[in-house]
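Colleague: coords below, sequence missing:
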DNA sequence: TATTAAACGATAATTATTATCAAACGTCAA
DNA sequence: TTGACGTTTGATAATAATTATCGTTTAATA
């Protein structure tokens, strides 16, 4: 407890963030959840320890943590749906900045190969590879 | 023109969809856009040919096309953000049904290897592989 | 401990999407 | 062709997810 609090204190110091009770409880909630929660679920969990916390505070701190690199969003594609008519197996090149998506032919990369067994009972439908980076336009 | 209309007619017949002017214009707009548009952008494009079309019609037809397999959403992760605290390079196992995400260690799969050069000026930051399928729970 | 900037809580606003429902349209059999 | 019936459309309300606003409270630090 004391130890974790101190750890969090120095994490915040490193990133120039004020140490608040809400912030610490949100961070600890996130660290304890290994199932990639959405903000609403984090809110519900945090509310058990701080019933009066505001949903906006949870959103704001998540944003702060992501901006500071303490936390990541699983995908660049949350938000509005993105559509495609290319039904052949293929992959994507994605720009972190402008979110532009460019197709990459399936044949343009070596097939994905697993070294380990997947969890029991999971039936694979397809693999999707994203090459993530900055496009020409955004890197200048 | 006549040819495309006939093609669309049989596509609809195959999938049990009524052939409407709106539906055809939306489909042709989508087929002509190779930049993975969102529904709003499709709406703007379609409005040039049918200024009176409703945004809801665009959404409904996109849904219909996706359900019929004529169209795909680029990612399973549109909608609410999903968060993770695992900052080490890793990949994901994703269930198409319940959207559960499970981490896959970077070492659990062979490194992604490109056979072809990427478009000029794109600087790769990382690769993200998604193993997409049905989890144990959802496949029963 | 006083000052100042950062964060909080309440809530309004915005964005993305789905639901509702009456009117118009497409399908198909007579 | 026409008429009955189910589907689709358009207008708009409702919902979900997120961000903005702003007055109050709290943390940092001098």
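Modeller: Nice, thanks for sending it over. Please read these numbers as outputs of a predicted model, since none were measured by experiment.

Colleague: the biggest strand by length in chain A near chain B anywhere?
Modeller: Determined from DSSP state E, the single longest strand within chain A is strand A:123-134. Yes. Using Cβ under 8 Å from any Cβ of the partner chain, strand A:123-134 comes into contact with chain B via A:123, A:124, A:125, A:126, A:127, A:128, A:129, A:130, A:131, A:132, A:133, A:134. Bear in mind the C-beta positions are built from the backbone N, C-alpha and C, glycine included.

Colleague: can stretch A:51-64 be found next to chain B?
Modeller: Yes. Interface with chain B: stretch A:51-64 contributes residue A:62 (Cβ under 8 Å from any Cβ).

Colleague: the residues of strand A:123-134 next to chain B, buried ones only, as a ChimeraX selection?
Modeller: Selection of buried members from those for ChimeraX, criterion 16 or more other Cβ atoms under 10 Å in any protein chain shown:
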select /A:127,128,129,130,131,132,133,134
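
Colleague: greatest separation within the residues of strand A:123-134 next to chain B: which pair is it?
Modeller: Using Cβ to Cβ, these reach their maximum pairwise distance at A:123 and A:134, which is 35.4 Å.

Colleague: neighbours of the closest residue to residue A:75 other than its chain neighbours, how many?
Modeller: Nearest residue to residue A:75, sequence neighbours excluded (Cβ to Cβ, 6 or more residues apart in numbering or on different chains): residue B:77, at 3.6 Å. Residue B:77 is flanked by 22 other residues according to other Cβ atoms under 10 Å in any protein chain shown.

Colleague: also residue A:33?
Modeller: So residue A:33, with other Cβ under 10 Å, has 15 neighbours.

Colleague: that one: what's it in contact with?
Modeller: A:41, A:42, A:45 (Cβ atoms under 8 Å, 6 or more residues apart in numbering or on different chains).

Colleague: possible to save the residues you listed as a markdown table with distance to DNA strand D, neighbour count and pLDDT?
Modeller: Formatted as a markdown table, these follow (distance: Cβ to the nearest atom of the strand, whole Å; neighbours: other Cβ atoms under 10 Å in any protein chain shown; pLDDT from 0 to 100):
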| residue | distance to DNA strand D | neighbour count | pLDDT |
| --- | --- | --- | --- |
| A:41 | 10 | 17 | 98 |
| A:42 | 10 | 20 | 98 |
| A:45 | 15 | 18 | 98 |
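
Colleague: and DNA strand C, is stretch A:69-88 touching that?
Modeller: Yes. On the criterion Cβ under 7 Å from any atom of the strand, stretch A:69-88 is in touch with DNA strand C at A:79, A:80, A:81.

Colleague: could I get those residues in CSV, plus columns for distance to chain B, neighbour count and pLDDT?
Modeller: Listed next are these as CSV, based on distance: Cβ to the nearest Cβ, whole Å; neighbours: other Cβ atoms under 10 Å in any protein chain shown; pLDDT from 0 to 100:
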residue, distance to chain B, neighbour count, pLDDT
A:79, 6, 14, 96
A:80, 4, 14, 97
A:81, 5, 19, 98
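
Colleague: now flag whichever of the residues you listed is closest to residue B:17.
Modeller: Proximity of the residues of stretch A:69-88 next to DNA strand C to residue B:17 (Cβ to Cβ) peaks at residue A:81, which lies at 19.9 Å.

Colleague: I figured the closest one hits residue B:76, correct?
Modeller: No. In this structure residue A:81 lies outside contact range of residue B:76 using Cβ atoms under 8 Å: 10.6 Å.

Colleague: so where's chain A shaky on pLDDT?
Modeller: Scanning chain A with the threshold set as pLDDT under 70 gives A:1-3.
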